[in-house]
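Participant: Got a sequence here, can you build the structure:
(one chain, ligands or ions: 1)
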Amino acid sequence: MIFTVAIDGPAAAGKGTIARAVAARFGFAHLDTGLLYRAVGIRGGDPVLVAKALTLADLARDDLRSMAAGQAASRVAVIPEVRAALVDFQRRIARAKGGAVLDGRDIGTVICPEAEVKLYVTASAEVRAHRRWLEVGGDEAQVLAEVVERDARDMGRADAPLRPAADAIVLDTSVMGVDEAVARAVAVVEAALRRMHP
Ligand code: C5P
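Facilitator: The predicted structure follows:
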C-alpha cells in the first residue's frame with residue numbers, strides 16, 4: 001500500500017510528536033525532513049554540494065536538534081538548488097510501499113501534493129517558544145525571537161514557502177494537549193484509510 005501522511009507547520013508546533021505517534025500507530029515509516037536541512041546547514045562548505053551528497057548517516061549526528069542547527073537549516077533552506085537536491089530522497093520515502101509519515105514545511109504543497117492525508121499543525125508563536133524553551137532552557141525572550149525570525153524566513157521565502165496546502169486539515173495545538181492532537185491526527189488517518197478500503 002502506498003499511503004503518505006504529510007504533516008507541515010512552523011517550528012515547535014508539535015509536528016514531530018504527532019508524526020512519530022501516527023507512524024507507530026499504523027506501522028508507517030517516519031521521516032523528519034527538518035533533519036535534512038539541519039544536516040546541510042550545520043556541515044558548512046557549499047550547501048548545494050553537501051545537499052547533493054547527503055546520506056542517511058548524515059542524519060544521525062547528535063547535534064542536529066540544537067537551536068543553532070535550526071537557524072542554520074532555515075538559512076540553507078531558502079536556496080532553491082538545496083531544496084531541489086533533496087526532493088527525490090524525500091519522495092522515495094513518501095511513496096515507498098508500506099506507508100510513510102513525513103513532517104516538514106512543504107510536504108503537502110511541494111514534495112507530495114498527492115499525499116492521502118495532509119495536516120497543518122500550528123500554534124501561537126508564544127506557545128511554541130515556551131515549549132522550545134522548556135526543552136533548551138536559556139532566555140525565553142531570546143527563544144521567542146528566534147522562533148519568530150525562523151517563521152518569517154520559512155514563510156517569506158520564494159521557493160516552497162511554509163503555508164497550509166489548500167486541502168490540509170489545520171490542527172491548532174495552542175490549547176490542545178499532546179494526547180488530543182495525536183487522537184485527532186489518528187482519526188483523520190483512519191478515515192482516509194477507510195475511504196480507500198471501505
Ligand atoms: O522542522 P525543523 O525545525 O527541524 O526544520 C528546520 C528548518 O529546516 C526549518 O526552519 C526550515 O527552514 C527547514 N525545512 C524546510 N522544509 C522542510 C523541513 C524543514 O525548509 N520540509
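Participant: In the chain, mark out all the helices, start to finish.
Facilitator: Taking DSSP state H to define them, one finds helices in the chain at 15-26, 34-43, 47-52, 67-76, 80-94, 125-136, 140-156, 178-196.
Participant: Buried deepest among the ones you listed, which one?
Facilitator: Mean neighbours per residue, mean count of other Cβ atoms under 10 Å, is largest over those for helix 34-43, with a mean of 24. In short, each C-beta sits where N, CA and C put it, glycine included.
Participant: related to what we said a few turns ago, ok, which of the helices of the chain comes nearest the ligand?
Facilitator: Minimum separation from the ligand across the helices of the chain (Cβ to the nearest ligand atom) falls at helix 34-43, 2.1 Å.
Participant: Number of residues surrounding Arg61?
Facilitator: By the measure other Cβ atoms under 10 Å, the count of residues near Arg61 is 14.
Participant: That one and Val40 touch, don't they?
Facilitator: No. Applying Cβ atoms under 8 Å, one finds Arg61 not in contact with Val40, separated by 11.4 Å.
Participant: so what's Ala77 up against?
Facilitator: For Ala77, the contact set (Cβ atoms under 8 Å, 6 or more residues apart in numbering) comprises 37, 41, 83, 105, 153-154, 157.
Participant: hang on, the earlier thing: arrange the helices of the chain in a markdown table, one row each, with mean pLDDT and distance to Asp172 as further columns.
Facilitator: Written out in a markdown table, the entries for the helices of the chain read as follows (pLDDT from 0 to 100; distance: least, Cβ to Cβ, whole Å):
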| stretch | mean pLDDT | distance to Asp172 |
| --- | --- | --- |
| helix 15-26 | 98 | 13 |
| helix 34-43 | 97 | 20 |
| helix 47-52 | 98 | 32 |
| helix 67-76 | 93 | 22 |
| helix 80-94 | 97 | 25 |
| helix 125-136 | 95 | 10 |
| helix 140-156 | 96 | 15 |
| helix 178-196 | 96 | 9 |
